[in-house]
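Student: Take this sequence and fold it.
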Amino acid sequence: MKNVFDKLQVIIVSAVLLTVSVLILIIPDKTFSENENRSLETAPKLSAETMATGEFTETLGRYLADQFPFRDTFISIKAYGELLSGKKENNGVIYCEGDTLVPRTDINPNRLYDNLKCISDFSKRTGAEVTVAALPRVADVYSELLPVGYPKDIDRDIWKNYADAAKALRVNTADVYDVLCESNSYYRTDHHYTTDGAFKTYEILASVLGFEPFDIDYFKISRVTESFCGTSMRTSGFYFAEKDEIYLYRYPSDDRYKIVADGEEIELYDMEKLDTTDKYAVFLGGNHARVDIALESEDREKLLIIRDSFADSIAPFLALHYDLTLIDLRYYTDSVSRCVREEGIDKVLVLENISELVTAKNLTYLRME
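Tutor: Below you'll find the model as predicted:
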């Protein structure tokens with residue numbers, strides 16, 4: 001009887017593996033995951049070099065994980081299983097009190113000093129007045145909800161290292177950490193700050209950049225969705241958590257801007273995105289290499305923002321005071337230095353999440369002439 005059972009197990013496992021292998025071969029590869037809001041690994045190229053360095057096998061592992069058939073469904077099933085087993089984490093996201101989903105950010109800040117050095121050198125080379133606003137992560141904002149054993153000391157060290165490096169390199173910074181963390185101005189299912197968090201950041205930037213911010217009463221605040229499933233929810237599969245709300249802070253002149261994103265005219269708010277998976281893209285329609293926002297009827301000071309997606313929801317506030325150029329170094333391939341020189345830009349704001357500043361290589365592009 002035992003032999004029959006063992007043979008049956010082998011047959012079932014073999015059938016599953018064969019089915020999965022066939023599906024991987026016949027189902028077209030996906031290049032982007034809307035749920036996780038990231039690019040997916042594509043099939044690796046086999047060569048003597050990639051085999052010798054181990055790059056092929058490493059890339060193959062990521063490829064099989066990313067292209068696994070019905071991957072999103074299995075992630076969701078696994079999320080329920082993890083909770084039932086008492087483990088409150090799935091796919092790198094921790095399920096915390098109050099339906100708060102915190103992405104795990106065990107990162108080694110090995111690029112922090114070099115990135116700030118790139119910014120410092122860029123400022124000296126161009127003569128532009130550069131300010132850095134490093135935004136906290138969800139793990140910083142909701143640190144009190146994290147489970148016992150989470151490496152909070154490492155998180156605190158990252159911010160200390162950031163402050164020390166910025167001081168040593170004489171990089172001008174805007175301190176938004178305390179205000180955003182104390183107000184919990186982040187979504188519970190996503191890694192971005194809320195529109196209220198963007199407004200609070202705008203108020204702090206006013207004193208650093210030198211403009212007079214508009215009072216909160218100037219804006220007409222309206223809720224545009226109460227069913228926002230952020231990237232943390234979609235990545236983890238914890239779909240049973242309470243969804244977020246998105247608010248817009250509108251004002252009388254916010255439809256007068258001419259906005260060009262990668263050569264195409266867009267609106268400040270893309271309301272159609274509220275009917276898609278990535279509802280945060282209601283702000284400027286999502287990621288672009290370059291976005292220009294201007295009032296053509298007025299001659300205004302220009303502000304260049306080196307940004308990640310956090311800049312999308314603060315852009316409507318800053319556009320009240322400046323003509324804006326937003327550049328995302330993940331996609332932008334031209335020289336930022338040349339842009340500053342040729343377009344008469346005097347002020348530059350580096351607005352990025354701290355995780356980008358401590359790990360990403362994109363800021364090295366600021367060295368391009």
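
Student: give me the low-pLDDT residue ranges for the stretch 51-200 of the chain?
Tutor: For the stretch 51-200 of the chain, residues meeting the criterion pLDDT under 70 lie at 51-86, 106-109.

Student: ok, which stretches of it are strands?
Tutor: For the stretch 51-200 of the chain, the strands defined by DSSP state E, counting those that start in this stretch cover 89-90, 93-96, 100-103, 129-135, 172-173.

Student: go on, the stretch 251-369 of the chain?
Tutor: Under the criterion DSSP E, counting those that start in this stretch, the stretch 251-369 of the chain contains strands at 258-261, 264-266, 290-294, 302-307, 323-327, 347-353.

Student: what about the ones you listed, which gets the closest to Arg170?
Tutor: Among the strands of the stretch 251-369 of the chain, the nearest to Arg170 by C-beta to C-beta is strand 347-353 (14.5 Å). For every residue, glycine as well, the C-beta is placed using N, CA and C.

Student: Neighbouring strands of that closest one in the sheet, and parallel or not?
Tutor: Sheet pairing of strand 347-353 (DSSP bridges) gives strand 129-135 (parallel), strand 302-307 (parallel).

Student: if we can go back for a sec, okay, the strands of the stretch 251-369 of the chain in a markdown table with distance to Asp140 and mean pLDDT next?
Tutor: Putting the strands of the stretch 251-369 of the chain into a markdown table (distance: least, C-beta to C-beta, whole Å; pLDDT from 0 to 100) gives the following:
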| stretch | distance to Asp140 | mean pLDDT |
| --- | --- | --- |
| strand 258-261 | 30 | 97 |
| strand 264-266 | 32 | 97 |
| strand 290-294 | 27 | 98 |
| strand 302-307 | 19 | 96 |
| strand 323-327 | 24 | 98 |
| strand 347-353 | 10 | 97 |
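
Student: looking at those strands, which is closest to Lys361?
Tutor: Closest to Lys361 of the strands of the stretch 251-369 of the chain is strand 347-353 (C-beta to C-beta; 12.9 Å).

Student: which residues are in contact with that closest one?
Tutor: The contact list for strand 347-353 (C-beta atoms under 8 Å, 6 or more residues apart in numbering) reads 119, 122-123, 126, 128-137, 191, 205, 209, 301-308, 310-311, 314, 322, 340, 363.

Student: Now do that strand against strand 323-327: the angle between them, please.
Tutor: Counting by axes from the mean of the first three to the mean of the last three C-alpha atoms, to 10 degrees, strand 347-353 lies at 50 degrees to strand 323-327.
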